[in-house]
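Engineer: Everything below, folded, please.
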Amino acid sequence: MEFYPLRPGIQWRLVAEDSEPLLVGQDPLEYTPSPFAVPAAAYPLLEAIAESRSWEELWQRLDSEGLPRSSANERALLHFLDQLDELYALASPRFTRRRAEWEAEYRSYPVRSAALAGMCYPEEAHQLKNFLHSSLRSAPEVAVPPALPIAAVIPHIDLRVGIASYAAAYQVLQELAPELIVLIGTSHYGWHAPYIVTEKDFQTPLGTLPTARELVCQLRHACPEIVTDIDIAHKPEHSLEFQLLFLQYLFGNGIELLPILVTSFGTYVEHQLSPGADPRMQRFFHTLREIVSRSGRRVLWIASADMSHIGHKFGDAADAQRLLPEAERHDRALLEALARADTEAYFRLIAEVGDRYRICGLPPVYTLLAALHPRFGVLTDYQQWYESETASAVTFASMLYYG
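Structural biologist: Predicted structure coming up:
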């Protein structure tokens, strides 16, 4: 019998019930359609199943945890694994079939529905408009050049935390009259290719924004090695959704989107090799710039990006409060490079320290700068958010770019 490990992509949280604590597993991509629970005491077993690659290795791990191999234990383990496989929680042929079927089904949907309405922002349109109006009205004025910006880097942190940083940028952008938004965001869930596009329109409580399907198709056909339309990663993704709310509020639903998610640049960072030195990426940047230019539309480019992620939640042994001063020094150096629109200096600063501070905005920001080539940027806001419960912190900023 072949061994199949626990698959990645399931998020676990501890729930304290009256009877016994439970681990609740949930899949944001819904390969496993519904949340499921296992006893919290099973955590060492789940960890062993996830990290093992054979039956022999699994039993070695379990034996070290005090669960020796026996007929009774083998039967119990097989029963538990069968239950996990029924839930599509193992990297098994059953899961592979489910993944292909669900990805094909989701790709056929014409609209990407809002994932976070009612959780991170009001789901009723009138309340949402009031929320956005209030945030823009209370945003302090920013000293910016008289020319109109052509692009922006804006956070994608929870709106309840970072609304002022969003508003600092959008209060200036509201002077524009764009016809097309090139919206580039961090992918927190996708892995199929460096760039994940979708032909879906995007729905929020403020209506439905159409996607420029012809531009999506041109981009995908020109760069098939690094662009995929297996778009399941868009389903739960917040990095584009939060920007849509401001875009709809300010510009209505007559504008079109070119929605792009970017996955990890970890390989480039690991080898300290600039993405711009990769011929496939060079072709992507050139193609993106060309198809947008040829569209003849008034364009606004947005990179949806946060900065440092530090503390216990993100794998650091130290409390984020101890790490924030050094993280801020790193952030400030990055912001100086970004203000110069120095794409390669920005990348080098991150790569030289092995992305120690987990700059999740690297892929979308680098992509925007490499494709657009703006002349300079103006910082509109920089903030740090500390979460005491997890001793963790996220930093974020907004910046406007000029041509």
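
Engineer: Report the buried residues of stretch 23-31.
Structural biologist: Residues 23, 25, 27, 28, 29, 31 are the ones in stretch 23-31 that count as buried (16 or more other CB atoms under 10 Å). Placement of C-beta: from N, CA and C, glycine included.

Engineer: From the opening residue of that stretch to its closing one, how far?
Structural biologist: 18 Å (CA to CA, to the nearest Å).

Engineer: Please work out the average pLDDT along it.
Structural biologist: Stretch 23-31 carries an average pLDDT of 96.

Engineer: List just the nearest of the buried residues of stretch 23-31 to residue 263.
Structural biologist: Distance to residue 263 across the buried residues of stretch 23-31 (CB to CB) is lowest for residue 29, with 13.6 Å.

Engineer: picking up where we left off before, narrow the buried residues of stretch 23-31 to those in strands?
Structural biologist: Per DSSP state E, strands hold the following members of the buried residues of stretch 23-31: 23, 25.

Engineer: Is it possible to get JSON lines of the buried residues of stretch 23-31 that adds distance to residue 352?
Structural biologist: Conversion of those to JSON lines gives the following (distance: CB to CB, whole Å):
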{"residue": "23", "distance to residue 352": "38"}
{"residue": "25", "distance to residue 352": "37"}
{"residue": "27", "distance to residue 352": "36"}
{"residue": "28", "distance to residue 352": "32"}
{"residue": "29", "distance to residue 352": "33"}
{"residue": "31", "distance to residue 352": "37"}
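
Engineer: And the buried residues of stretch 23-31, which is closest to residue 145?
Structural biologist: Using CB to CB, the shortest approach to residue 145 within the buried residues of stretch 23-31 belongs to residue 28, at 40.1 Å.

Engineer: Count the residues that sit near the nearest residue to the closest one once chain neighbours are set aside.
Structural biologist: Closest residue to residue 28 apart from its sequence neighbours, by CB to CB, 6 or more residues apart in numbering: residue 236 at 4.0 Å. Using other CB atoms under 10 Å, residue 236 has 15 other residues around it.

Engineer: cool, and residue 65?
Structural biologist: 12.

Engineer: Next one: it relative to residue 76, how far apart?
Structural biologist: Taking CB to CB, to the nearest Å as the measure, residue 65 falls 14 Å from residue 76.

Engineer: what do you get for residue 149?
Structural biologist: Distance of residue 149 to residue 76, given as CB to CB: 62 Å.

Engineer: neighbour count winner among the two?
Structural biologist: Taking other CB under 10 Å, residue 149 and residue 76 do not tie; residue 149 has more neighbours (23 against 13).

Engineer: Tell me how far the more buried one lies from residue 375.
Structural biologist: In this view, residue 149 and residue 375 are 11 Å apart by CB to CB.

Engineer: what residues are shared contacts of those two?
Structural biologist: Taking CB atoms under 8 Å, 6 or more residues apart in numbering as the contact rule, residue 149 and residue 375 both touch 401, 402.

Engineer: Contacts only, for the residue nearest to residue 28.
Structural biologist: Residue 236 touches 28, 29, 115, 189, counting by CB under 8 Å, 6+ apart.

Engineer: Just the strands from the stretch 151-300 of the chain, written as ranges.
Structural biologist: Using DSSP state E, counting those that start in this stretch, the strands of the stretch 151-300 of the chain run over 151-154, 180-186, 195-197, 201-204, 207-209, 227-228, 256-262, 299-304.

Engineer: quick one, domains of this structure?
Structural biologist: The record's domain parsing of the chain by automatic domain parsing lists 11-104, 112-402.

Engineer: do you know which of the ones you listed lies nearest residue 4?
Structural biologist: Here domain 11-104 is closest among these (CB to CB), at 4.0 Å.

Engineer: Need the distance between the two termini of the closest one.
Structural biologist: Using CA to CA, the two ends of domain 11-104 sit 23 Å apart.

Engineer: where's it relative to the chain centroid, distance-wise?
Structural biologist: Going by CA atoms, centre = their mean, to the nearest Å, the spacing between the C-alpha centre of domain 11-104 and its chain's C-alpha centre is 25 Å.

Engineer: can you offset everything so residue one is 74?
Structural biologist: From this message on, residue numbering opens at 74, which makes the last subject domain 84-177.

Engineer: how close does the residue nearest to residue 441 when sequence neighbours are not counted sit to residue 255?
Structural biologist: Nearest residue to residue 441, sequence neighbours excluded (CB to CB, 6+ apart): residue 376, at 4.2 Å. According to CB to CB, residue 376 and residue 255 sit 9 Å apart.

Engineer: Find the residues that touch each one of these two.
Structural biologist: Counting by CB under 8 Å, 6+ apart, the shared contacts of residue 376 and residue 255 are residue 441.

Engineer: Looking at the two, which has the bigger crowd around it?
Structural biologist: Between residue 376 and residue 255, counting by other CB under 10 Å, residue 376 is the more crowded of the two (30 against 26).
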